[in-house]
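In: Starting from these lines, generate the structure:
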Amino acid sequence: METVVEFTSNRQDWADFGRFMQNSIIEVIQYLWDKDASQRRHTVKTLDQFLNVLNIVKTEIRTLKDAVSATRIRPIAKDTQSIAGLKTQIDASLRDMTTHPKYAREFHGDMQQLLTKILKLYKPEMTGDSGPIKSRSVLSRPGAPDNSNHGMKSDREAPTDPSHGGGRLMVPVTMALDKLSYAEGASWDPELTCLRGTRVALLQKIDRWARSVEASYCNIFWVKGPAGSGKSAIAHTIAQMLYSDGFLASSFFFNLDIKSRNTIQMLFTTIARDIASRYADIAADITAVLENELSLASASPSRQFEALIAGPLRRHHLQGPVVVVIDALDESSSNGADAALLELLSREFADLPPYFRILITSRPTSDIERIFSNKYHIISQKIDIDSADNWQDITFYVHAQLRNEALRLKMGPLWPDEALIRDLISRAGGLFIWIATIFGYLRSAYNPKAKLSALLSNSIPRGLPDVNEKMDALYTAILDSCGAWSDPDFLRDYHLIMGAIMGAKRPLSLVALRALCDDIGELSPNLLLERFGSVLVGLHDENEPIRIVHLSFREFITDRASENPGTQKYFISEKKHSRRLAALCLNTMARELPDRYIVGAGYLDQTHDDMPGIPRLEGVSEQLLYGCESWTDHVFDFEDPGAIFPHVQNFLLHICKYWLEIVASRATFRGSLVIRRWLETYTPEYTHLYIDKFQARMLSSLGKRLSFMGRFEEGLLAMQEAAFLYRGLSLGTQPVRRHAVLAWSLNDISIRLSHLGRREEALATCQEALELYKVCVAQKPAKYKNGFASCINNLSNYLSDLGRPEEGLKMCQQAVSLQRSLARERPDKLDGNLAASIASLSNRLSAVSRQQEALTAIQEAVDLYHHLVEQQPALFNANLAMALRTLASRLSHYFRHKEAVLAIEKSVHIYRDLVAERPLIYTVELAKSLDSLSAYQLDCGWRSEGLQTAQEAVRLHRELAQERPASSATADLAFSLRNLSAMWSASGDQHRAMQAMREAVDLLPALAADKTSFKAGDRQEFTCEGSRIDSMITQISSSNGYHSRYSSPAARYSG
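Out: Sure, this is the predicted structure:
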């Protein structure tokens, strides 16, 4: 551990590795303590293997440390790879040391006492006093795990239980917190702080605000300034200052180029883990929250903020101040500042305890300015690059850089040249990024003084008023010295390589770039690119994506460079190189797909029943995946299709199916008809190459598989594209057969639309399908009657959902009649359509208050499904589970509550098994059955069981509502919360009952505007409910029987 903390570069990753090691050792200690006498001999052998690995890891770390000391600079990517390899070794050695916190033995006392006890227990198994445990120094001083890279001082450390004198090892707490994602490298870095002596006034102002012991209504301090003004350095400096005195809770530095740090997905989990690592009360609180609702680990950031940060902070008073630093807020999403985070900062953060404060830095974008303006809890401070203080800081920084001994030696004996220095300072324009880029360039230059003189020559205009102009002038000077621009070979190669980087839709590694660009001949891209190390990053590791140093560089060479004759040689036409990349992508697919073995390919040739879902295809190279993902984006940049058409032709003849499979397996399916539209637009005489029948069949299969995987929107898109093609085919020969195929496709689309809550669209689509089926049945009734009846049944469901129950019942009765006749004609055919129609009939009868008939119908449907499940359980288990839920509702209507519980328990049991196999599909159904079960348990007087079941249901609905906010899941959550309110009320906890109901009603505004989320009756009921919320709260306060006043969740979920 001592060696790990000595790393001065890439400290964050090494600090995280140190915590990983601590947690691993604690897990081993817990494992040793848990084992009984009969297991200890085997345990000693396992431990010896672990300790051998630990010694190997220790040696490797020392080797890496010595290498860093020798070279002084080590690429971060190499550290990351080394750390990943070390973790893999440790994880492999721990496979046989799994601990089970639920059954773990407790030990009260300090760590030394625990180790002494373990040594005593294992002494008989050792070969002597120098046995494997005692002889290994790695276990001599184990420490409690530290989940933070920050140093908030506290007399209450999270890893121990404060309720016991010496503390009890809290392995379960650590394991629970480890379930929260942690953004690697997101913390502050002492190498990136402000130069000592700069930014003094601003740093003092922020520091006074952060450390104030008085309650402050302004708990957010926002530092805003243009790109390159030094905001991040300020954030790193404040973080370091607060860390030194124990006031820093966490820090998070957003970065658009780093996946874990360019969204807010890991923001609150990282902050929560950092705070928990320093405060035992908070750690225990978060652990309890996670144990109660494990889905929070992957829930939306807004839910995580409330559950993991705001809630614990309100419940525990910490000795403050407690400060969080968030840098580059404007890089929290690809489109600027994340809208959800802005909303939380502008509203929810105002309600946090006054001792909890947040420092934020960002550019002053219009969105942030608009949302943060006039907020009483937000202080804003602008960095004025034209201020006297800023110019003084620039001057100080320049002189400090020029005092670097290595640079002074390279500058020659007559250095310093005061005239050059004054000129350099005046040219900076107040931008630290300009100065930093200059010195980064000079440190690697062969003759830095000459290069500096050239940079400051008259080729860079003086007195530039615009930041872009200032940066453009700097880029011009740097690029001019990077290459032999008068050499046509160099200029050609520059455009080939830099053009590919700028034209690509996402960053590619050097390996992928080299493989993709088969038009560069003998050119080695890395030899050319290493000249541009001051404007490109990712060049030290050929497997890392190559990125630009700053957005302003892309804007310069792809736009503004074309405006000046002197810079036109640097100009890269994105559109031109996008066209080139279209051909390169198609060439890559044509070259690699025939020769490369793709594990799992060909799944679209298999029937869905034999091989459901979408396998993860292995053996797909980075360049092949990019080609599959992006060629359709590039191809529309062609104005003259002649050059690209041969490539497209080869793709359609030989590659298209594999392309579709790779995209669906390894990326996001965004549609495929773009290819057909391109042919229609540019080469209409060759549209026959796009074989509609083949493509429709592939898309139809793909749509089923995507939906099976829970990728509902992608599945719907695939089915809609298939239907578009089937519609065109239906106009040709064999109209009846092709009408039937189109009808089937539209009927399937209607089901997917309904699942996504788009019921009116589902109704219209199903009505079109029904008209087509009528034509088919009129000519071939025996062949198409089954599909016709199924379509009628679906239509009855949509009519009822939209508040037309009588019409729905009439249609459903017709469907049942058709299915009964089909069953008589084909008694040996195993078909679930009759059971499905009868189950729907039960719902339609219930909707018009014909309850006894509804009960009889669902009992028949359940009997049919039981028979079907005996023959094909995988195919009909889900239908049986839903029918049992409906049966429970019908039984409950006649006060047969215990029978209802038995039925719904069977439904829950089936859904639990199904969720284990396909959680994305069946979690929502499990949650609905749990809602129903809780209501029936309460009807039986089993309040405790009903409350526990209702809490589980709400947890599942919350997760679903966050994952699919635009779907009916939000409405389901509202009903589930109302049900939970009833459970709390019946249990006598009126406060929690009111909380749950308030939360349910708070969902009303969004639901009222979203007609797709509610069935008609539900919408009306909840709208009325919103208008009488006050009276409802009063009723909750005075009655334990609230739940019976409103429709039970069983009524909502019976269909």
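
In: Now residue 776: which helix or strand?
Out: Here residue 776 sits within helix 759-779, counting by DSSP states H and E.

In: Same question for that helix: list its buried residues.
Out: Using 16 or more other Cβ atoms under 10 Å as the test for burial, helix 759-779 gives 759, 761-763, 765-766, 768-770, 772-773, 776-777. Quick note: C-beta positions are derived from backbone N, CA and C, even for glycine.

In: list the helices and strands the helix or strand that it is followed by packs on?
Out: Note on helix 759-779: by DSSP H and E, the next helix or strand toward the C-terminus is helix 781-801. Helix 781-801 makes packing contacts with helix 735-755, helix 759-779, helix 805-825, helix 833-847 when contacts are defined by 3 or more Cβ pairs under 8 Å, 6 or more residues apart in numbering; DSSP states H and E.

In: Any idea how far the third one is from the middle of the chain?
Out: In terms of Cα atoms, centre = their mean, to the nearest Å, the gap separating the centre of helix 805-825 from the centre of its chain is 45 Å.

In: So which residues make contact with it?
Out: Contact partners of helix 805-825, identified using Cβ atoms under 8 Å, 6 or more residues apart in numbering, comprise 782, 785-786, 788-790, 792-793, 795-800, 831, 833-834, 837-838, 840-841, 844-845, 847-848.

In: Could I get the buried residue list for that helix?
Out: 805, 808, 809, 811, 812, 813, 814, 815, 816, 818, 819, 822.

In: before we move on, the earlier item: just put the helices and strands packed on helix 781-801 in TSV and tack on mean pLDDT.
Out: Below are those laid out as TSV (pLDDT from 0 to 100):
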stretch	mean pLDDT
helix 735-755	90
helix 759-779	93
helix 805-825	91
helix 833-847	92
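
In: Tabulate those helices in JSON lines, adding columns for distance to residue 203.
Out: Output for the helices and strands packed on helix 781-801, formatted as JSON lines (distance: least, Cβ to Cβ, whole Å):
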{"stretch": "helix 735-755", "distance to residue 203": "55"}
{"stretch": "helix 759-779", "distance to residue 203": "57"}
{"stretch": "helix 805-825", "distance to residue 203": "69"}
{"stretch": "helix 833-847", "distance to residue 203": "67"}
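
In: what about those helices, which gets the closest to residue 238?
Out: helix 735-755 (49.2 Å; Cβ to Cβ).

In: who does that closest one touch, helix- and strand-wise?
Out: Packed against helix 735-755 by the contact rule (3+ Cβ pairs under 8 Å, 6+ apart) you find helix 692-708, helix 712-729, helix 759-779, helix 781-801.

In: quick check: angle from it to helix 692-708?
Out: Interaxial angle, helix 735-755 versus helix 692-708 (axes from the mean of the first three to the mean of the last three Cα atoms, to 10 degrees): 20 degrees.

In: And helix 735-755, what's buried?
Out: 736, 738-755.

In: can you check stretch 780-795 too?
Out: Taking 16+ other Cβ under 10 Å as the criterion, stretch 780-795 shows 784, 785, 786, 787, 788, 789, 790, 791, 792, 793, 794, 795 as buried.

In: quick check, nearest of the residues you listed to residue 446?
Out: Distance to residue 446, by Cβ to Cβ, is smallest for residue 794 among those, at 75.2 Å.

In: Isn't that closest one up against residue 750?
Out: Yes: the criterion here is Cβ atoms under 8 Å, and residue 794 meets it with residue 750 at 6.0 Å.

In: Could you confirm residue 265 falls within a helix?
Out: No: counting by DSSP: H, G, I helix; E, B strand; the rest coil, residue 265 is not part of a helix but coil.

In: what's around the closest residue to it other than its chain neighbours, how many residues?
Out: Nearest residue to residue 265, sequence neighbours excluded (Cβ to Cβ, 6 or more residues apart in numbering): residue 301, at 6.6 Å. Using other Cβ atoms under 10 Å, residue 301 has 20 neighbouring residues.

In: Give me the distance between residue 301 and residue 338.
Out: 8 Å (Cβ to Cβ, to the nearest Å).

In: Give me the common contacts of the two.
Out: Common neighbours of residue 301 and residue 338 (Cβ under 8 Å, 6+ apart) are residue 264.

In: any idea of the mean pLDDT for stretch 540-553?
Out: Averaging pLDDT along stretch 540-553 gives 78.

In: For it, measure first residue to last.
Out: By Cα to Cα, to the nearest Å, the extent of stretch 540-553 from end to end equals 20 Å.

In: now what about it, what contacts it?
Out: So stretch 540-553 is in contact with 75, 77-78, 81, 227-228, 257, 433, 437, 468, 471-472, 475, 501, 506-511, 513, 526, 529, 534-539, 554, going by Cβ under 8 Å, 6+ apart.

In: Would you reformat the buried residues of helix 759-779 as CSV and include distance to residue 375?
Out: Formatted as CSV, these follow (distance: Cβ to Cβ, whole Å):
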residue, distance to residue 375
759, 40
761, 40
762, 43
763, 45
765, 46
766, 49
768, 51
769, 52
770, 55
772, 57
773, 58
776, 63
777, 64
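
In: ok, of these, which one's closest to residue 887?
Out: Nearest to residue 887 out of the buried residues of helix 759-779 is residue 759 (Cβ to Cβ; 24.6 Å).
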